[in-house]
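Novice: Quick one, what's the 3D model for this:
(chains A and B)
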There are 2 protein chains.
Amino acid sequence: MSAKQKPNRIKPRLPRGFADRGAAEIAATRRMTETIRAVYERYGFEPVETPAIEFTEALGKFLPDQDRPNEGVFSFQDDDEQWLSLRYDLTAPLARYVAENFDALPKPYRSYRAGYVFRNEKPGPGRFRQFMQFDADTVGSASPAADAEMCMMAADALEALGIPRGSYVIKVNNRKVLDGVMESIGLAGNENAGKRLAVLRAIDKYDRLGVDGVQALLGEGRKDESGDYTQGAKLTEDQTLAIVEFIFSGANSQGQFSKQGSLPLTRSTLPSAFSVRKFDNAGRVKNLRTLFPKNATYNEGLDELQAIAAIAANFDPEGTVISVDPSVIRGLEYYTGPVYEAELTFEIKDDKGRPVRFGSVGGGGRYDGLIGRFRAEPVPATGFSIGVSRLQSALTALGKLGAEKETGPVVVTVFDRERIADYQRMVTALRNAGIRAELYLGNPKNFGNQLKYADRRNSPCVVIQGGDEKARGEVQIKDLILGAEIAGLSTERDDYLRKQAEAQFAVPEADLVRAVREVLSRHR
Amino acid sequence: MSAKQKPNRIKPRLPRGFADRGAAEIAATRRMTETIRAVYERYGFEPVETPAIEFTEALGKFLPDQDRPNEGVFSFQDDDEQWLSLRYDLTAPLARYVAENFDALPKPYRSYRAGYVFRNEKPGPGRFRQFMQFDADTVGSASPAADAEMCMMAADALEALGIPRGSYVIKVNNRKVLDGVMESIGLAGNENAGKRLAVLRAIDKYDRLGVDGVQALLGEGRKDESGDYTQGAKLTEDQTLAIVEFIFSGANSQGQFSKQGSLPLTRSTLPSAFSVRKFDNAGRVKNLRTLFPKNATYNEGLDELQAIAAIAANFDPEGTVISVDPSVIRGLEYYTGPVYEAELTFEIKDDKGRPVRFGSVGGGGRYDGLIGRFRAEPVPATGFSIGVSRLQSALTALGKLGAEKETGPVVVTVFDRERIADYQRMVTALRNAGIRAELYLGNPKNFGNQLKYADRRNSPCVVIQGGDEKARGEVQIKDLILGAEIAGLSTERDDYLRKQAEAQFAVPEADLVRAVREVLSRHR
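Specialist: Numbers count the residues shown, from 1 in each chain, chains lettered A, B, ... in the order given. Okay, here's the model as predicted:
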């Protein structure tokens, strides 16, 4: 092909990690967000929205001692050289908004918002660089009741979306409890920051790797099934066992082990690993109380967990929905108190047909320091964020979002291209009667193409008026759904003929709307 | 203040040209977009959405011979050095989408979408760098019926939003007609591109500057009221008069003049300026036919306008809603045929209290070349775009979006902070009954603050339970709306006492939901 034949043609494509959204997906998202919105409104929250672009410094994404914004965010310089970034979550912009409008807002300030966020990260299957979050936040309340409410609201939203009680759990932990553990085993202070991070990462893997996996990651390290080796936190045996005992004491069922199931526990294989059976929230908090009785941070954290559990007990008398769980970490560094994670506990099949737990669809926690970056005094705040696309996948897998194809428009076909205005008048009459309808706008030459188009659009029926019908003042109505049904019939001849007469029939043009309504009512 | 007292505090603010959106504005946008959506669905359109980020080259915003993207767009390089941009409209991304999914889409393909677009331009009053557009497009139809439908759909959407017929007009023109004028007066060819642009800019100002203003801009130039001088297109007198006659011949009322009202027309002050009275669309097209009878492009454009007017006549028998108007230009360079502009014709007051016509709230046209950038064969397409914030301002000014403040949640107050779980149980009972309710989550020490908060949230009533009520198994309900009313009463003592008894009363705790429902029903 010569250069002349292909003049600078551009390839139509999207950058990696971005996706278009079709009609069914958009409709599902709308139904979902409307349901969540109704729950959040009932909880007394009101909407507020911020733009997609913020000053980079307002998002807190400048690395120390660097002139350029942190990786992970899309950033660019404004014409006055100031750095701007696309928001990577909805929490940092809310903190900016509250700080900017502090005096004008009621306090506590309850608000919610859905919006797209952007991550300049390596995309992968199910990982996008633009995705939607649905957040709710209560600013100006230090009370654990505010955290408890977030958990109850998350549970109510999931149930309103059709996920039954028992198929999800809202796990609650507290950063203060974790900090107290670190202090108690000698990992406080700046010099241990790296070690603490490694410990949190190890605890975070309890669900997936079991206690033996966590223990390996707290110690020397761990080789996974593929042979890859992960360096461990290099804790002493005492430190490791203290953390393992902590996880077990708060666990809501007997300690899990990985499939490999080896037991390096020792100290006579840690009695608590087997004594802990099924405790309710109060029982688990009581177990945890015995571990580090002298550490103030630890006990403050447990007080808050206890208060949350007590309030949530009204909502969830059995304590199975909102569940204290010391293995919950949450990645973001700005959490200062209670953290929560919403997990779907039912199993779906993965790409290879193996059953897997669906897992996390949202989470949040208390971030008392974030608004304080802008203000002289600290401002307590807590919030919950739903990963909309992830939850939507789960609901779609459960068939909760109405997957069936919607009925398309009635198509008025063009038989005689000189009479477009006549056909358009029929379309207008149908639309004025509230019926979804359209004129065929392609090249009308091939009438078969018009019917194919109507099929493609899932049209319930088409309207036809050729010269003969025009002369008689009539229109033909062709019921495409019935037509498709009788295409399968042939043996029962009477039935076939009767249905054929129903599937295509003529009416006076003045009866067009009534006749189309009749066809639509057949397929309701 | 020492550096220690103010440790790196960040100023909470947004970059210029970006804005936060509060509850009332969000609710108004939602009502508005839902109404537009319902109309577009009735017309047989279906939703499709594209992401905010595209390859810069897909948007066509590379200037010739430059390595950096055009000004006006926000752009940044991906980690593989490819340039990405935030979309500046919804048309260019749709063209990319259609080209990418061409074979999978029904054709003609009717779709709609609402979304934010971004302009890296100097912001000003009412001009933002992020704003919402609501677009509809028909791809794959070259028929003027597709353009006519866009105009009718725009009109239907405006009427569905409460703008009555007569308060708006959809003006229609055709780029081919304008091109034909240029060819006829000797302004064809690349060497005249700059002159043509100056001519289009001058014609575009007809509404605002009147015919004398346009004439000055077509000739030497024009000094405005502030004394600023705009260079003219430097046409000859014959060229200028030909264009003025063209505008008049298609105008739907006698030629307008600016306030200065001088008349430099000549050639015996151009008879057509005064002979043209009020013609309908057909009459105006007939007038225009007489001007450049030999130019093929011009006549093809008029044929299309005539076809659009004929189809629209079903919808708009008087031809006042969809109106042929040769002074409509539309800025974007990619239009290739019919162009349309939706204008609100009623007057509002400007900042200084002077009446001004509200003006354009949307527009569009045919862009047959845009998808062809990606494909071997050209693909005809036409679309209409609504400026959501601009239209929302107009509807708000007209009081069509329900400006009244929405009722806030019922607030359950905290009298005894040890009994938070009890109060929370009341909140849960109210919410389970579908009543918007919340627990006061601020510091409960000052009870007056709790009532102030409820006022601030526009709560219909608060629920109170102190120790005495608790002992009696009762709750107090305080009707805040009635309470505010009786604060004004005093003379009619019986009435006052009766109302006071209604405004605050005790009920058994078991009757909480029923009693709150009763208060809510008072204020419906």
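Novice: From here on, just use CA atoms for contacts and neighbour counts.
Specialist: Fine.
Novice: For the stretch 1-150 of chain A, which segments count as strands?
Specialist: Ranges of strands within the stretch 1-150 of chain A are A:46-47, A:53-55, A:75-77, A:83-86, A:109-118, A:130-139, based on DSSP state E, counting those that start in this stretch.
Novice: So which elements touch whichever strand or helix holds A:Arg431?
Specialist: Remark: A:Arg431 resides in helix A:420-432, with elements defined by DSSP states H and E. If contacts are counted by 3 or more CA pairs under 8 Å, 6 or more residues apart in numbering or on different chains; DSSP states H and E, helix A:420-432 sits against strand A:410-412, strand A:437-439, helix A:512-522, helix B:296-315.
Novice: what's the neighbour count on A:Leu401?
Specialist: Residues near A:Leu401, counting by other CA atoms under 10 Å in any protein chain shown, number 22.
Novice: residues contacting it?
Specialist: A:Ala28, A:Arg31, A:Met32, A:Leu395 (CA atoms under 8 Å, 6 or more residues apart in numbering or on different chains).
Novice: Give the closest residue to the first one in space, chain neighbours not counted.
Specialist: Counting by CA to CA, 6 or more residues apart in numbering or on different chains, the nearest residue to A:Ala28 once its immediate chain neighbours are dropped is A:Leu401, at 5.7 Å.
Novice: still on that earlier bit, which of the contacts of A:Leu401 lies closest to chain B?
Specialist: A:Ala28 (11.7 Å; CA to the nearest CA).
Novice: Pull the residues that contact stretch A:457-476.
Specialist: A:406-416, A:451, A:454, A:477-481, A:504-509, A:512, A:516, A:519-520, A:523, B:106.
Novice: Give me the buried subset of these.
Specialist: By neighbour count, with 16 or more other CA atoms under 10 Å in any protein chain shown, these hold A:408-415, A:451, A:454, A:477-481, A:504, A:506-507, A:509, A:512, A:516, A:519-520, B:106 as buried.
Novice: Where does the residue nearest to A:Ala28 sit, in terms of helix or strand?
Specialist: Using DSSP H and E, A:Leu401 sits within no helix or strand.
Novice: per-residue confidence at it?
Specialist: In this model, A:Leu401 is scored at 77, pLDDT.
Novice: do the same with A:Gln231
Specialist: At A:Gln231, the model reports a pLDDT of 89.
Novice: Please report the distance of it from A:Ala193.
Specialist: 16 Å (CA to CA, to the nearest Å).
Novice: re earlier: and the gap between the residue nearest to A:Ala28 and chain B?
Specialist: 17 Å (CA to the nearest CA, to the nearest Å).
Novice: Please report the distance of that residue from A:Thr33.
Specialist: 11 Å.
Novice: Give the closest residue to the residue of the stretch 101-250 of chain A found nearest chain B in space, chain neighbours not counted.
Specialist: Closest contact between the stretch 101-250 of chain A and chain B, by CA to the nearest CA, is at A:Ser141 (5.2 Å). Spatially, and ignoring its direct neighbours in sequence, A:Ser141 is nearest to B:Gly442 (5.2 Å; CA to CA, 6+ apart).
Novice: hang on, isn't that neighbour packed against A:Arg110?
Specialist: No: with contact defined as CA atoms under 8 Å, B:Gly442 does not count as touching A:Arg110 (11.2 Å).
Novice: For chain A, list the residue farthest from the centre, please.
Specialist: Of all residues in chain A, A:Ala471 has its C-alpha farthest from the mean position, at 57.9 Å, by CA atoms, centre = their mean.
Novice: A:Asn174 pairs with what?
Specialist: Bridge pairing for A:Asn174 (DSSP bridges) gives the partners A:Pro338.
Novice: check contacts around it.
Specialist: A:Gly301, A:Leu302, A:Glu304, A:Leu305, A:Pro326, A:Thr336, A:Gly337, A:Pro338, A:Val339.
Novice: just the strands in the stretch 151-300 of chain A please.
Specialist: Along the stretch 151-300 of chain A, the stretches classed as strands by DSSP E, counting those that start in this stretch are A:168-174, A:221-223, A:229-231.
Novice: ranking the ones you listed by burial, who's on top?
Specialist: strand A:168-174 (a mean of 25; mean count of other CA atoms under 10 Å in any protein chain shown).
Novice: any idea how far that strand is from the chain center?
Specialist: 17 Å (CA atoms, centre = their mean, to the nearest Å).
Novice: next one: stretch A:428-442
Specialist: What separates the centre of stretch A:428-442 from the centre of its chain is 36 Å, taken as CA atoms, centre = their mean.
Novice: do the same with stretch A:509-523
Specialist: Using CA atoms, centre = their mean, the offset of stretch A:509-523 from its chain centre is 41 Å.
Novice: now swap in stretch A:205-214 and tell me
Specialist: Centre-to-centre, stretch A:205-214 and its host chain are 25 Å apart (CA atoms, centre = their mean).
Novice: Keeping just the C-alphas, turn that stretch into PDB.
Specialist: Extracted in PDB, the C-alpha atoms of stretch A:205-214 (Å, rounded to 0.1, in the frame of the first residue of the first chain):
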ATOM      1  CA  LYS A 205      -2.000 -11.800  54.300                       C
ATOM      2  CA  TYR A 206      -3.500 -13.800  57.100                       C
ATOM      3  CA  ASP A 207      -6.700 -14.500  55.100                       C
ATOM      4  CA  ARG A 208      -4.800 -15.700  52.100                       C
ATOM      5  CA  LEU A 209      -1.700 -17.400  53.600                       C
ATOM      6  CA  GLY A 210      -3.000 -18.700  56.900                       C
ATOM      7  CA  VAL A 211      -1.100 -18.500  60.200                       C
ATOM      8  CA  ASP A 212       1.900 -20.400  59.000                       C
ATOM      9  CA  GLY A 213       2.300 -18.100  56.100                       C
ATOM     10  CA  VAL A 214       2.100 -15.000  58.400                       C
END
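Novice: In space, what's closest to A:Gly232 - neighbours in sequence excluded?
Specialist: Spatial nearest neighbour of A:Gly232, chain neighbours left out: A:Gly221 (3.7 Å); criterion: CA to CA, 6+ apart.
Novice: Run a quick neighbour tally on A:Cys36.
Specialist: Just to correct that, residue A:36 is Ile rather than Cys. By other CA under 10 Å, the residues close to A:Ile36 number 23.
Novice: Need the per-residue pLDDT for the residue nearest to A:Ser141.
Specialist: On the pLDDT scale, B:Gly442 gets 93.
Novice: thinking again about what came up before, between B:Gly442 and A:Arg110, tell me which one has more neighbours.
Specialist: The neighbour count for B:Gly442 versus A:Arg110, taken as other CA under 10 Å, is higher for A:Arg110 (27 against 22).
Novice: so that one touches A:Thr138, yeah?
Specialist: Yes: counting by CA under 8 Å, A:Thr138 is a contact partner of A:Arg110 at 4.5 Å.
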